[in-house]
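Asks: output the structure for:
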Amino acid sequence: MFISVQELQLHQIEFNEAFQPGAIDLGEDIRQQTALDAKGRAELLEEHRGGALGTVEDIRLVGVFSTQIEVSCARCLDPVSSPIGRDFDLLYRPQGVDRRADEVSICEAETEIGYYQGDGLLLEDVLREQLLLAVPIKLVCRDECKGLCPHCGGNLNVETCDCAVPVVDERWSALKDIRDKLQS
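Replies: The predicted model follows:
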């Protein structure tokens, strides 16, 4: 769904969209299981900067989304299903209006501003960004997940392996010798 600045100049846009799995590219690591439901509104905010800077037309998006995703467990790589949803209140400004000649520091509020090119922005791009930000860094299939064997790669939740022999790093042998002498 394209949110056009020209249409926003006439009226705010209400949206209630459902994006089926595969409609939005989430990368290889995240699989969308159910429709991505998004509801909200887009409106145009005019920022008067005065003088030669004139008026800047910012797009404000306010809404909520929800879906069900599947990712790999951070320990054993088995599939993990998780509901994802979040409210959002975003501000997008035309790209280039904040351009400055030199590097300058910005305030915290300016870090919350996104930028759009051309005549508007795609709702799909906004939802993709918000969904990826909402996914937890690590999801595990269960709290007591044992993970994978570091030697053979077997799933320790399913099988026990006999290869759990500690690998000795020769760089630590001098310290091991000192420890052995202290213990005897």
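Asks: my read: D29 touches C73, true?
Replies: No: the criterion here is CB atoms under 8 Å, and D29 misses it with C73 at 11.9 Å. C-beta: built from backbone N, CA, C; applies to glycine.
Asks: quick check: end-to-end length of stretch 136-151?
Replies: Using CA to CA, to the nearest Å, the end-to-end distance of stretch 136-151 comes to 28 Å.
Asks: switch to numbering from 49
Replies: Right, with 49 as the first residue, what we last looked at is stretch 184-199.
Asks: can you give me the buried ones in it?
Replies: Going by neighbour count (16 or more other CB atoms under 10 Å), the buried part of stretch 184-199 is 187, 189, 193, 196-197.
Asks: neighbours of V110, just the number please.
Replies: A total of 15 residues lie near V110 under the criterion other CB atoms under 10 Å.
Asks: tell me which element it is part of?
Replies: Using DSSP states H and E, V110 maps to strand 103-120.
Asks: quick one: average pLDDT of that strand?
Replies: Regarding strand 103-120, the rounded mean pLDDT is 91.
Asks: that one: what's the following helix or strand?
Replies: Per DSSP H and E, the helix or strand that comes after strand 103-120 is strand 127-142.
Asks: about what we covered before: more crowded one of D77 and C121?
Replies: C121 (19 against 11).
Asks: so who does that one touch?
Replies: Residues counted as contacts of C121 (CB atoms under 8 Å, 6 or more residues apart in numbering) are 127-128, 187-189, 193.
Asks: list the buried residues of the strand holding V110.
Replies: Buried residues in strand 103-120, defined by neighbour count with 16+ other CB under 10 Å: 105-107, 109, 111, 113-117, 119.
Asks: cool, stretch 64-79 as well?
Replies: Of the residues in stretch 64-79, those buried (16+ other CB under 10 Å) are 65, 67, 69, 72, 74, 78-79.
Asks: work out for me the element D173 sits within.
Replies: helix 171-182.
Asks: got a list of contacts for stretch 187-194?
Replies: Here stretch 187-194 makes contact (CB under 8 Å, 6+ apart) with 119, 121-124, 126-128, 130, 204-205.
Asks: ok and the strand holding V110 relative to strand 127-142, angle-wise?
Replies: Relative orientation of strand 103-120 versus strand 127-142 (axes from the mean of the first three to the mean of the last three CA atoms, to 10 degrees): 170 degrees.
Asks: alpha carbons of strand 103-120, as PDB, please.
Replies: Taking only C-alpha atoms (Å, rounded to 0.1, in the frame of the first residue of the first chain), the coordinates of strand 103-120 have been written out as PDB:
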ATOM      1  CA  THR A 103       7.400  24.200   4.800                       C
ATOM      2  CA  VAL A 104       8.400  20.500   5.300                       C
ATOM      3  CA  GLU A 105       5.700  17.800   4.900                       C
ATOM      4  CA  ASP A 106       6.200  15.000   7.400                       C
ATOM      5  CA  ILE A 107       4.200  11.800   7.300                       C
ATOM      6  CA  ARG A 108       3.100  10.500  10.600                       C
ATOM      7  CA  LEU A 109       2.000   6.800  10.900                       C
ATOM      8  CA  VAL A 110       0.200   5.700  14.000                       C
ATOM      9  CA  GLY A 111      -1.000   2.100  14.300                       C
ATOM     10  CA  VAL A 112      -0.600  -1.400  15.500                       C
ATOM     11  CA  PHE A 113       0.400  -4.700  13.900                       C
ATOM     12  CA  SER A 114       0.400  -8.400  14.900                       C
ATOM     13  CA  THR A 115       1.400 -11.700  13.400                       C
ATOM     14  CA  GLN A 116       2.900 -15.100  14.200                       C
ATOM     15  CA  ILE A 117       6.400 -15.900  13.200                       C
ATOM     16  CA  GLU A 118       8.700 -18.900  13.300                       C
ATOM     17  CA  VAL A 119      12.500 -18.700  13.900                       C
ATOM     18  CA  SER A 120      15.200 -21.100  14.800                       C
END
